[in-house]
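J.: fold the following, please.
(one chain, ligands or ions: 1)
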Amino acid sequence: MSRSRVLTGITTTGTPHLGNYVGAIRPAVADSHDESIDSFFFLADYHALIKCQDPAQVHQSAREIAATWLALGLDTTKSTFYRQSDVPEVLELNWILSCVCAKGLMNRAHAYKAAVQDNEGKGEDADFGITMGLFSYPVLMAADILAFNADKVPVGRDQIQHIEMARDMAQRFNHLFGETFTLPEAVVDDNVAVLSGLDGRKMSKSYGNTIPLFLPEKKLQKHINKIKTNLLEPGEPKDPDDSTVFQIWQAFATPAETAEMRQRFADGIGWGDAKKALFALINDQIGEARQRYEEILQDGAYLDDELRKGAERARAEAAALLDKARKAVGLSRFA
Ligand code: TRP
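T.: Residues are numbered from 1 along each chain as shown. Below is the predicted model of the structure:
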């Protein structure tokens, strides 16, 4: 049995936050050390252009994300870590897939449909503000995945549809031109917590309710202090299962620590004390990585070097497959 190949991309438009850490980065870094997994992780910087036309932000976000993954101990000898834009084969495949992807399939993509609905709700033209990038974004994502014949794609629930579309494109291509692409599978880990943010909704950049992962200590405590709670006083029993503070605690604590905190909630721990404890727990776990992060963030040459090595390995893989795909559709030398 060959090793299963796991691949996932991170869109470079924001600063990594606790939700990204718990939901995606921590499990991915763990996978990178696992000999039985052949992992590919990349900065989806072409995807960033769909949502963000601020070059400074796209650039800075890529830097922060790369530094974060490396600071947290991603093993770049075992896993392949690269910038999407360093692998031109992905864009070549993007075009080839565009030519087998039904437009009707893209009409059904959630992100596009939501944009159209939003326009209609505002009485705008249905196409207002919608670029071809947004419309055909699932094709680029399919190219990301199929260019490496990935078996498994760890994603959030909101991305499942895109993986299904990638399967669809792979199937269509294979049917027309012969077995070429592996059909990828979405992996949604139900054991991984989806963290709540400051306001109690899912922690997400688009809600502006995040706690950035590598804040300086004082700021981290300040952010934690802003987590919304109810008005119960110290001494009054509190419901842990209805509390963002407890939910985040659980994502960082051992089962024993979680049981202990559950008891303290029942005993009426004050919100101030609970938040202090939460700060200490998180700070303990990420303190060392934060120090490395600060150093790596300043070391552009190191970042570039790591990403260049990754891109070389990624390109070697993708080039072989692209060769096959080009031939399959009739693009090849005459002699
Ligand atoms: N679109 C994904 C997101 O927003 C990021 C992404 C881009 C991705 N290409 C990918 C994820 C390929 C998995 C595989 O989260």
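
J.: quick one: neighbours of whatever residue of the chain ends up closest to the ligand, just the number.
T.: Closest to the ligand within the chain is residue 9: 3.1 Å, counting by C-beta to the nearest ligand atom. C-beta here means a position set from N, CA and C on the backbone, and glycine is covered the same way. A count of nearby residues for residue 9, using other C-beta atoms under 10 Å, gives 21.

J.: isn't there a strand covering it?
T.: Yes. Assigned with DSSP: H, G, I helix; E, B strand; the rest coil, residue 9 falls within a strand.

J.: quick one, what contacts it?
T.: Residue 9 is in contact with 41-44, 47, 84, 141, 144, counting by C-beta atoms under 8 Å, 6 or more residues apart in numbering.

J.: restricted to strands, list the residues you listed.
T.: 41-44 (DSSP state E).

J.: so residue 64 sits against residue 20, correct?
T.: No. Applying C-beta atoms under 8 Å as the test, residue 64 and residue 20 come out as separate, 10.8 Å apart.

J.: just to revisit the earlier point, beta-bridge partners for the residue of the chain closest to the ligand, please?
T.: Note on residue 9: beta-bridge partners by DSSP bridges are residue 42.

J.: next to the ligand, which bits of the chain? Give me the list.
T.: 7-9, 11, 44, 47, 141, 144-145, 153, 155, 159 (C-beta under 6 Å from any ligand atom).

J.: who wins for neighbours among those?
T.: residue 145 (30 neighbours).

J.: contacts only, for that one.
T.: Applying C-beta under 8 Å, 6+ apart, the residues contacting residue 145 are 7, 153, 163, 166, 184.

J.: can these go into TSV with extra columns for secondary structure?
T.: Converted to TSV, the contacts of residue 145 look like this (three-state DSSP):
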residue	secondary structure
7	strand
153	strand
163	helix
166	helix
184	coil
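
J.: buried members of the ones in strands among the contacts of residue 9 into ChimeraX, please.
T.: Of these, the buried ones go into a single ChimeraX selection, burial set by 16 or more other C-beta atoms under 10 Å:
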select :41,42,43,44
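
J.: which among the ones in strands among the contacts of residue 9 gets closest to residue 263?
T.: Relative to residue 263, the closest of the ones in strands among the contacts of residue 9 is residue 41; by C-beta to C-beta it sits at 38.6 Å.

J.: identify the residues contacting the nearest residue to that closest one once chain neighbours are set aside.
T.: Nearest residue to residue 41, sequence neighbours excluded (C-beta to C-beta, 6 or more residues apart in numbering): residue 81, at 5.2 Å. Contact analysis of residue 81 by C-beta under 8 Å, 6+ apart lists 41-42, 66, 69-70, 74, 306-307, 310.

J.: mind doing that once more with 10 Å?
T.: Taking C-beta atoms under 10 Å, 6 or more residues apart in numbering, we find residue 81 in contact with 28, 32, 39-43, 66, 69-70, 74-75, 306-307, 309-311, 313-314.

J.: what residues go with each domain of this protein?
T.: Domain assignment for the chain by automatic domain parsing gives 4-193+300-329, 214-295.

J.: and of those domains, who's closest to residue 208?
T.: domain 4-193+300-329 (10.7 Å).

J.: pull up the distance across the closest one, start to finish.
T.: Length of domain 4-193+300-329, first residue to last, C-alpha to C-alpha, to the nearest Å: 27 Å.

J.: just confirm residue 85 contacts residue 140, I think it does.
T.: No. Taking contacts as C-beta atoms under 10 Å, residue 85 lies outside contact range of residue 140: 11.5 Å.
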